[in-house]
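Undergrad: Take a look and give me a structure for this.
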Amino acid sequence: MSESPLQALQIIPLGGLGEIGMNLMVYGYAGKLLVVDCGLAFPNPDTPGVDLIIPDTRFLAENRERIVGFVMTHGHEDHIGALPYIWPDLEGPVYGTAMTLGILKGKFREHDLLNRVQCVQVNYRQAFQLGPFSIRFIQVTHSIVDSAALAITTPLGTIVHTGDFKIDHTPIGGRATDLHSLANLGEQGVLALLSDSTNINRPGVTISEQALSAVFDEIFPQARGLLVVATFSSNIERIQQIIDAAIRVGRKVVLNGRSMLANVAVARALGYLTIPGESLVDLREMGRYQREQLLVISTGSQGEPNSSLVRIAAGDHREIVVQEGDMVVLSSKFIPGNERTIWTLINHFVGIGVQVVHEKNMPEVHVSGHAPREDLKLMLALTKPRFFIPIHGETRHLRSHSQLAVQMGVAEERSVMLENGDLAELEQDSLRIVDKVAHGRVFVDGKGVGDVEDIVLRDRLHLAEDGLVVVVLVVDKASNSIIQRPELLTRGVLYEESNQDLLAEAKDAVEKALLLGPKALDFADEEGAGHREVAQRALRRFFKRRLGRRPAVIPLVMEM
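TA: Residues are numbered from 1 along each chain as shown. I've put the predicted structure just below:
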């Protein structure tokens, strides 16, 4: 890594650029590093068996003595979820608002870290110093309370890092984006703006969260049986609206899902959520009420495997059973990449006879937490940045946002797209990429963190697509000759009971190959090829020729 002049500010994204989720930004100045957010991503069909994906933080581990602290913009998993996994290798104080720290402390407790981590609660507009960085939290509206943009000031100038935001002038709870502070920063001079790009391609302005109250008042009276409403457990303001609407139609509220219970408990303790005691029913007490008297607020709106809502749809939930005539409302977005699992979930409910309301048949049932195009223009207009870097989005989002900044007056050469791993240096009149640092993805699988490599995932995909064949060879230890006909065991290749003739042919192919030896299979190193290699290649060729499939072949040799 090249040496940097003192007057340059380093900007080093380690996640969240060119992708959705896993947000992690590092700022460097005068030899010190400030870490902003540390999020995770969820697995997709290309990562079978993986539980979570977190950023590769080797760069931070190699420079851990330079870290002055971790600053979290808000409490969503894609911004804080990886911190308990990487913190033990890095350490340092963690700064955030009350709700963000409330959620984080629960995660640290699960990882047996709570007594080790210094968590510092921050108030809006009050500056605090971390090494050479003076930081102020600026209130913004998002789909979780206590969200913040950051004003990060060094002797070089001020950086505005928006985090996730939208501009809702009439939010639930009155926590509107602090346009006044943003405008003041713009007047004083913003060296660079790094801004959320998620909804850049959505035109118009933010629809107020308050609009959902009328939507719920329209939908809920139509429910005749049990009413289940699924939403993100972090969206406390949405949960409050659902509770209020339930009370207006005379239904009592049941909370379902581990994260729902945890986040609601934190929000109630902080005074961000109000539930009259007589309106809340314990999940285990549902049987005491008629179905039409209850509304369940549940997690699992994305159809995540093993989530509460999926178990309800499959009839596997211990307490909640849906039946024909019930209603399920998905008050959430179809997140890109989750469409298939969500439609599968919906089809399960529809097959039972449950009415399902979702954003595809009623768009008004969800309001996004991210700023659409006109709100992003307003952020640019208020802050008037000298340089612009789009963050939080796929490449198409970042490109569109970079072009928007140019339309809004940022010089084209100063609207710069970065990639994960770039080490960029910002000075008064230039922003350039000078190096590349270690970056990438680390897979969390069960209790293992980082022990699943890409090659393991390729093997899993191979097994899932083409199956497995095990061939057992019995060899005379003295003569090294085969003394018994090979045995085959297949999984995911064919149904053995109905394909005995084909399996017999496969055994014949192995026996013939073993009899002829390596020459028959064109080994480059004929002398080095033993029974294992010969049997393996013979079976690969056989199944490719006969079935057009490439199963994984594992030879087992038993010496007698």
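
Undergrad: what sits against residue 361?
TA: For residue 361, no contacting residues are found, by CB atoms under 8 Å, 6 or more residues apart in numbering. C-beta: built from backbone N, CA, C; applies to glycine.

Undergrad: Just confirm residue 246 contacts residue 276, I think it does.
TA: No: counting by CB atoms under 8 Å, residue 246 stays clear of residue 276, with 10.8 Å between them.

Undergrad: Looking at these two, which has the bigger crowd around it?
TA: residue 246 (23 against 10; other CB atoms under 10 Å).

Undergrad: ok, residue 232 to residue 418 distance?
TA: Here the criterion is CB to CB, to the nearest Å. By it, residue 232 lies 28 Å from residue 418.

Undergrad: Compare neighbour counts for those two and give me the winner.
TA: Set residue 232 next to residue 418 and count neighbours by other CB under 10 Å: residue 232 wins out with 24 against 21.

Undergrad: where does that one land in three-state SS?
TA: Following DSSP: H, G, I helix; E, B strand; the rest coil, residue 232 is assigned to coil.

Undergrad: Hmm, it is touching residue 301, no?
TA: Yes: counting by CB under 8 Å, residue 232 does reach residue 301; the two are 6.7 Å apart.

Undergrad: per-residue confidence for residue 503?
TA: Looking at residue 503, its pLDDT stands at 83.

Undergrad: That one should be in a helix, yeah?
TA: Yes: Residue 503: assigned to a helix according to three-state DSSP.

Undergrad: Tell me if I'm right that residue 410 and residue 389 touch.
TA: No: judged on CB under 8 Å, residue 410 makes no contact with residue 389 at a distance of 10.3 Å.

Undergrad: And the two? Which one has more around it.
TA: Shown here are residue 410 and residue 389; by other CB under 10 Å, residue 389 has more neighbours (28 against 21).

Undergrad: so the residue nearest to the more buried one when sequence neighbours are not counted bridges to which residues?
TA: Once flanking residues are discounted, residue 389 sits nearest to residue 194: 4.7 Å by CB to CB, 6 or more residues apart in numbering. The partner list for residue 194 in beta bridges (DSSP bridges) reads residue 161, residue 389.

Undergrad: Now do residue 194 against residue 380, distance only.
TA: Separation of residue 194 from residue 380 (CB to CB): 12 Å.

Undergrad: now residue 416
TA: 15 Å.

Undergrad: Then residue 84?
TA: 35 Å.

Undergrad: Between residue 232 and residue 301, which contacts overlap?
TA: Joint contacts of residue 232 and residue 301 (CB under 8 Å, 6+ apart) are residue 332.

Undergrad: what ranges do the strands span in the stretch 51-200 of the chain?
TA: For the stretch 51-200 of the chain, the strands defined by DSSP state E, counting those that start in this stretch cover 52-55, 67-71, 94-96, 119-121, 128-130, 133-139, 148-154, 157-161, 192-196.

Undergrad: Of those strands, which is nearest residue 283?
TA: strand 52-55 (26.0 Å; CB to CB).

Undergrad: how far out from the middle of the chain is the closest one?
TA: 8 Å (CA atoms, centre = their mean, to the nearest Å).

Undergrad: outside of that strand, which residues touch it?
TA: 14-15, 21-22, 24, 38-43, 47, 81-82, 85-86, 439-444, 449.

Undergrad: So how do I select the buried members of these in PyMOL?
TA: This is how PyMOL selects the buried members of these, with burial counted by 16 or more other CB atoms under 10 Å:
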select buried, resi 14+15+21+22+24+38+39+40+41+42+43+47+81+82+85+86+439+441+442+443+444+449
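
Undergrad: Among the contacts of strand 52-55, name the ones in helices.
TA: 85-86 (DSSP state H).

Undergrad: how many neighbours does the residue nearest to residue 389 have?
TA: Neighbours around residue 194, by other CB under 10 Å: 26.

Undergrad: Check residue 89 too.
TA: Neighbours of residue 89 (other CB under 10 Å): 12.

Undergrad: coming back round to it: identify the contacts common to residue 194 and residue 380.
TA: residue 388.

Undergrad: Show me the shaky parts of this structure.
TA: 1-6, 44-50, 445-464, 478-479, 518-529 (pLDDT under 70).

Undergrad: any idea which element residue 465 lies in?
TA: Under the criterion of DSSP states H and E, residue 465 resides in helix 454-466.

Undergrad: list the buried ones in the helix or strand immediately after that helix in the chain?
TA: The helix or strand immediately downstream of helix 454-466 is strand 468-475, counting by DSSP H and E. Across strand 468-475, burial judged by 16+ other CB under 10 Å covers 469-473, 475.

Undergrad: Got the domain ranges for the chain?
TA: 9-204+368-449, 211-365, 467-559 (automatic domain parsing).

Undergrad: tell me the most buried of the ones you listed?
TA: domain 9-204+368-449 (a mean of 20; mean count of other CB atoms under 10 Å).

Undergrad: Off-centre distance for that domain?
TA: 15 Å.

Undergrad: So residue 332, which state does it fall into?
TA: Note that with three-state DSSP, the state of residue 332 is coil.

Undergrad: close enough to count as contact, it and residue 367?
TA: No: checked against CB under 8 Å, the pair residue 332 and residue 367 is beyond contact range at 10.2 Å.

Undergrad: Quickly list what's touching both of those two.
TA: Joint contacts of residue 332 and residue 367 (CB under 8 Å, 6+ apart) do not exist.

Undergrad: Which parts of the stretch 251-400 of the chain are helices?
TA: Secondary structure of the stretch 251-400 of the chain (DSSP state H, counting those that start in this stretch): helices located at 258-270, 308-313, 339-352, 373-383, 395-407.

Undergrad: which one of the ones you listed lies closest to residue 34?
TA: Nearest to residue 34, of these and by CB to CB, is helix 373-383 at 19.4 Å.

Undergrad: ok so, going back, distance to residue 338 for the strands of the stretch 51-200 of the chain - can I get that in TSV?
TA: TSV is the format used below for the strands of the stretch 51-200 of the chain (distance: least, CB to CB, whole Å):
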stretch	distance to residue 338
strand 52-55	15
strand 67-71	28
strand 94-96	27
strand 119-121	31
strand 128-130	36
strand 133-139	30
strand 148-154	27
strand 157-161	27
strand 192-196	20
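
Undergrad: Which one of those strands lies nearest to residue 499?
TA: That would be strand 52-55 among the strands of the stretch 51-200 of the chain, by CB to CB, at 38.3 Å.

Undergrad: Convert the C-alpha atoms of the closest one to PDB, please.
TA: Presented in PDB, the C-alpha positions along strand 52-55 are these (Å, rounded to 0.1, in the frame of the first residue of the first chain):
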ATOM      1  CA  LEU A  52     -24.700 -15.400   6.300                       C
ATOM      2  CA  ILE A  53     -22.200 -13.500   4.300                       C
ATOM      3  CA  ILE A  54     -19.900 -10.900   5.900                       C
ATOM      4  CA  PRO A  55     -17.100  -8.700   4.500                       C
END
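
Undergrad: so what's residue 415 bridging to?
TA: Beta-bridge partners of residue 415, counted by DSSP bridges, are residue 388.

Undergrad: from what I can see it touches residue 405, true?
TA: Yes: using CB under 8 Å, residue 415 is in contact with residue 405, at 4.4 Å.

Undergrad: Not including adjacent chain positions, what is the nearest residue to residue 229?
TA: residue 329 is the one closest to residue 229 (CB to CB, 6+ apart), at 4.5 Å.

Undergrad: That neighbour contacts residue 227, doesn't it?
TA: Yes: the pair residue 329 / residue 227 is scored as a contact, 7.3 Å apart, by CB under 8 Å.
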